[in-house]
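**Q** pasting a predicted model and its sequence here:
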Amino acid sequence: MVYTTEYASPLGPITLACDEDAIIGSWFNGQRYFGNILPEQTEQKEQPLFADAKRWLDVYFSGRAPDFLPPLRYNSTPFRKTVCEIMLTIPYGRTMTYGEIAAEIARQQGLEKMSAQAVGGAVGHNPISLMIPCHRVVGTNGSLTGYGGGIARKVKLLELERADMHGLFVPKKGTAL
């Protein structure tokens, strides 16, 4: 069974999803791909895993880096899992580019290069927002494009983390504006 609950964040409601073993989803309500991995039948019911996830979110939204992570499971393609594993290495308050993630995957797989656009697609389908920090991924040129929760939230999340915003900018047109 998959369970859901809601968390009242300062940037709007977040829906959390879990099964018996792990958090499997975290979305700002209404964001792109909201609930895309949820089965047809879910039950809205508090679970012990939600207490851990909400505690993580409380610490995060207080402006501190959480020193723990609830159990997470990201069921997807091997490529998307690899992208998520790399995103989990991005430190609080830091950013990484789509190109840097692509280069790391190419290095890991012994390839000459990897498509940053393919990485962008995988980042955009991250079902566990915030805990898997897709908001920390930026364009090579400093563009803040590509956040399913919206660019305004991405900016606020990076500001909350006191990330160096020098050289980062909101694009005039593009994805997730």
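**A** Everything's here; your move.
**Q** which strand or helix spans the residue of the chain most remote from its centre?
**A** Ranked by distance from the centre of the chain (Cα atoms, centre = their mean), the top residue is residue 112, with 27.0 Å. Secondary-structure assignment from DSSP states H and E places residue 112 in no helical or strand segment.
**Q** now the nearest residue to it once chain neighbours are set aside: phi and psi?
**A** In space, and not counting its chain neighbours, residue 112 is closest to residue 106: 6.7 Å by Cβ to Cβ, 6 or more residues apart in numbering. To be clear about C-beta, it is placed using only N, CA and C from the backbone, and glycine gets the same treatment. Main-chain dihedrals, residue 106, degrees, to the nearest 10: phi -60, psi -40.
**Q** burial check on residue 106, number of neighbours?
**A** By other Cβ atoms under 10 Å, the residues close to residue 106 number 14.
**Q** dump stretch 45-64 to CSV, keeping only the CA atoms.
**A** The C-alpha trace of stretch 45-64 is given here as CSV (Å, rounded to 0.1, in the frame of the first residue of the first chain):
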residue,chain,number,x,y,z
LYS,A,45,-2.8,8.1,6.5
GLU,A,46,0.0,9.1,8.9
GLN,A,47,2.9,6.7,8.9
PRO,A,48,6.1,6.6,11.0
LEU,A,49,8.1,7.4,7.9
PHE,A,50,6.2,10.6,7.5
ALA,A,51,7.3,11.7,11.0
ASP,A,52,10.9,11.3,9.8
ALA,A,53,10.3,13.1,6.5
LYS,A,54,8.4,16.0,8.3
ARG,A,55,11.3,16.3,10.8
TRP,A,56,13.7,16.5,7.9
LEU,A,57,11.6,19.2,6.2
ASP,A,58,11.3,21.1,9.5
VAL,A,59,15.1,21.2,9.9
TYR,A,60,15.5,22.1,6.2
PHE,A,61,13.0,25.0,6.2
SER,A,62,14.6,26.3,9.5
GLY,A,63,17.6,27.2,7.3
ARG,A,64,19.8,24.4,8.4
